[in-house]
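A.B. asks: Provided below for reference: sequence and predicted model.
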Amino acid sequence: MQAVIRCDAGSVIGGGHLVRCGALGAALKREGVDVAFAVSDETVTTLPRLFVDFPDVLKGMTTAEGDVDRMISRWPSGVELAVVDHYSLGEDFEKALAGWARKVLVIDDAPLRRHICTHLVDTTFRRRSEEYREQVDIGTMLLCGSDFAMLRQAFQTERHGALERAPSAVRRILISMGLSDNVNATQAVLKGIFDAGGEFEVDCVLGSAAPHLHAVRTALSAGGRRWRLHTDADAEMMAALTGKADIVVGAPGSASYERCCLGRPTLLLVVADNQLHNAAALQDAGAAIVIGKFSHDTSGRVANSIRGMVEDPSKLHDMHLAAAAICDGGGANRVVRAVLDS
């Protein structure tokens, strides 16, 4: 049984699509499915580690017409499943997959576009299937909400131990603004942590291809040996770093559910407008505090938010419990079972 996943990553769009598709691909492989990726050249350089696990890769993909023909030529006998996770590919691309792929699974984050598919996944917290009824054909299976958040297996493995280590004070902070962080929010967050005072340990995660990596390395020197940079962290390292953190400062994208799985309180810094809905929902549930959109005064807002959590550590326990209730880490398995059993 063959599945082909079409997604991309890069300095502008980040790595979230690729990471969650990697989690889905791993879950498919555990069920005996052969998994291949069709991606842009930049995608491979953004997260090369992933393609060690998935060596069957069609590179050089774009969003131009003819890309479907390239996929059909590579796998001429057709596939059981085609997965599309891409904001720049819509119903025309999905329609062209029909016939070649017996099932088409689309992953999206907002009910704003028309889709032609057999299955649709939107992992946004509190997303309801009813919101997509006007965007898909009758008969499309809708898998909506954070129960379907597709996390790497390492987070499910780490969950039990992390939940037993409920944070009681702010001692260790993880900064996770995405693989690329093309706006360099990480440096602003580091300044905010420094300005907040306190002897915090800081773990900072970025991809080795991040455009502002050198500037972040320089900023980290302010914290001495207590501040550490981790580049191209694999799933096991990322789960371990998240589980050890007392709080996380991060963007409210798909990685939000990794933090929730491990019950980690989060300060959410919005770096794209499509993250606003998710950020608001997580704050409303008590799992996170939204410190606003990235701007010139980000460092001051980060410092104030950290001081507030230091002064009232009871917030940590409440946020820990609220986060853990949002996602249990089993979403990729649920998606795979729903697709293969239908």
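C.D. replies: That came through, no problem.

A.B. asks: strands of the stretch 1-150 of the chain, start to end?
C.D. replies: With DSSP state E, counting those that start in this stretch, the ranges of strands along the stretch 1-150 of the chain come out as 2-7, 34-38, 57-58, 79-85, 101-107, 119-122, 141-144.

A.B. asks: what residue in this protein is the furthest from its centre?
C.D. replies: Computed with C-alpha atoms, centre = their mean, the maximum C-alpha offset from the centroid of the chain is found at residue 77, amounting to 32.3 Å.

A.B. asks: low-confidence ranges in this structure?
C.D. replies: Flagging of the chain using pLDDT under 70 yields an empty set of residue ranges.

A.B. asks: how close does the residue farthest from the centre of the chain get to residue 1?
C.D. replies: Counting by C-beta to C-beta, to the nearest Å, the separation of residue 77 from residue 1 is 12 Å. All C-beta spots, glycine's among them, are computed from the backbone N, C-alpha and C.

A.B. asks: now swap in residue 195 and tell me
C.D. replies: The span separating residue 195 from residue 1 equals 54 Å under the rule C-beta to C-beta.

A.B. asks: residue 274 too?
C.D. replies: Summarising the geometry, the distance separating residue 274 from residue 1, computed by C-beta to C-beta, is 33 Å.

A.B. asks: same question for residue 57.
C.D. replies: For residue 57, the distance to residue 1 (C-beta to C-beta) stands at 18 Å.

A.B. asks: who has more neighbours, these two?
C.D. replies: Set side by side, residue 57 and residue 1 show more neighbours around residue 57, with 17 against 13, by other C-beta atoms under 10 Å.

A.B. asks: skipping its backbone neighbours, what lies nearest that one in space?
C.D. replies: Nearest in space to residue 57, with sequence neighbours left out and distances taken as C-beta to C-beta, 6 or more residues apart in numbering, is residue 37 at 5.0 Å.

A.B. asks: quick one: the one you found and residue 9 touch, right?
C.D. replies: No. In this structure residue 37 lies outside contact range of residue 9 using C-beta atoms under 8 Å: 10.6 Å.
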